[in-house]
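Would you be able to build a 3D model of this:
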Amino acid sequence: MSSVLTTVGERIRSVAVDIAWQMWSALGVSSWESRTPRSVIELEPLIALTAVGAWDDRRLVSQAVDWCVANADLVSLHQMRRVVEDNAWPFEGPIAEFGATAGHFMRKPWPGVRSEQPFLRELPLKSKPPDLRDPALIALRLRAVFGVGARSETLRFLLFHPWPSTAAQIAREIPYGERQITKDLRLLTLADIPRSSTHGSKAEYVLSDASALETITGKPSAQPVPWGPAFRLTTELADAFIDLGTHNLRNPDTALAARIRQLSAVLERLSQEHWWTSPTRQTVDDVADWIPWSSTKSGNAHNPPDARSKTACTPACRRSADA
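You can find the predicted model right below:
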């Protein structure tokens with residue numbers, strides 16, 4: 001039983017690493033992966049996933065740090081803190097070490113870093129600039145145009161929610177306070193980007209002309225996914241199964257349930273999402289076809305195309321290819 005639990009945990013962790021490779025590749029990290037994700041890439045949740053779920057893949061972690069330094073103006077440290085806190089990630093350990101290293105080269109203090117030291121002396125310097133025309137990178141394209149802050153996140157919400165919403169409703173979905181969102185909405189309304197209407201005592205906002213904004217950002221064709229809680233649940237499940245298998249507990253189901261209960265807020269967030277709450281309406285094949293990183297539809301994100309039908313690329317082979 002213990003070996004089975006360990007195998008399950010390692011498989012979940014392997015999938016997490018594949019997800020991270022595919023997304024970082026789309027952002028411009030050096031890899032063999034050429035496929036583009038069909039979901040909107042969330043940068044700060046991806047950083048957390050990479051630090052925790054892919055820490056043993058040192059090439060990927062180093063390349064991710066390299067990208068963050070090369071594209072520092074697109075990284076939101078405010079959102080990094082909120083993502084970690086809201087999804088119950090542990091600041092200490094891998095996330096703090098990632099932040100200490102990235103912050104050292106960016107010359108910015110990352111949230112959660114205390115006495116941790118950089119684990120890199122020099123950067124790989126292999127990251128390419130991201131192609132912000134890619135639909136999966138629409139969040140970063142908005143940051144490039146409207147800045148790294150509440151304004152770009154508010155506009156992204158309005159692009160993907162074409163119905164009237166209050167500032168309070170928006171604040172529940174993006175990592176900024178209602179006061180800041182209200183301030184930005186007022187300024188954006190002066191520019192006639194959203195229009196406001198009154199419903200009861202609350203002002204509601206909707207884009208005045210979505211096509212005008214899409215001229216700048218591109219049409220939001222990629223799928224939004226709550227990657228923050230999804231990534232957190234993925235890494236916690238992997239760690240839980242591996243820990244249970246290692247310690248060979250008498251009642252692993254009870255211990256696993258206790259671990260999952262600690263993520264009640266994360267599960268509540270996921271339960272609000274249609275793709276999570278209606279699995280019985282879809283077959284496994286339907287889910288595999290929709291999820292861009294499904295192992296049943298694609299090879300590993302870090303494997304070259306001609307190697308996928310042969311043997312999987314091990315961490316050692318990836319380090320050799322990067323050398």
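
SS state for Ser197?
Following DSSP: H, G, I helix; E, B strand; the rest coil, we place Ser197 in the strand state.

which residue sits closest to Phe241 in space, ignoring its chain neighbours?
Among residues not flanking Phe241 along the chain, Gly9 sits closest, at 3.1 Å (CB to CB, 6 or more residues apart in numbering). For every residue, glycine as well, the C-beta is placed using N, CA and C.

what do you get for Arg13?
Ala238 is the one closest to Arg13 (CB to CB, 6+ apart), at 4.1 Å.

Wait, the residue nearest to Phe241 touches Asp239, no?
Yes. Here Gly9 reaches Asp239: they are 7.0 Å apart, a contact under CB atoms under 8 Å.

Those two: which is more packed in?
Gly9 (20 against 16; other CB atoms under 10 Å).

Quick one, grab the pLDDT at that one.
Among the per-residue scores, Gly9 shows a pLDDT of 83.

where does it fall, phi/psi-wise?
Dihedral pair for Gly9: phi -60, psi -40, per degrees, to the nearest 10.

State the distance from it to Leu125.
To Leu125, Gly9 is 34 Å away according to CB to CB, to the nearest Å.

what do you get for Lys183?
In this view, Lys183 and Leu125 are 39 Å apart by CB to CB.

In terms of helices and strands, where is the residue nearest to Arg13?
helix 227-247 (DSSP states H and E).

The closest residue to Leu27 other than its chain neighbours: which element?
The shortest distance from Leu27 to any non-neighbouring residue, by CB to CB, 6+ apart, is to Pro130 (5.0 Å). Assessed by DSSP H and E, Pro130 sits outside every helix and strand.

likewise Leu159?
Using DSSP H and E, Leu159 maps to helix 150-160.

out of Lys183 and Leu125, which sits in the busier spot?
More neighbours surround Lys183 than the other of Lys183 and Leu125, with 14 against 9 (other CB under 10 Å).

For that one, give me its contacts.
If you count contacts by CB atoms under 8 Å, 6 or more residues apart in numbering, Lys183 has none.

confidence score at it?
With respect to pLDDT, Lys183 scores 96.

do you know how far it is from Ala48?
Noted for Lys183: a distance of 28 Å to Ala48, by CB to CB.

cool, Glu236 as well?
The value you get for Glu236 to Ala48, if CB to CB is used, is 12 Å.

Brilliant, that's me finished.
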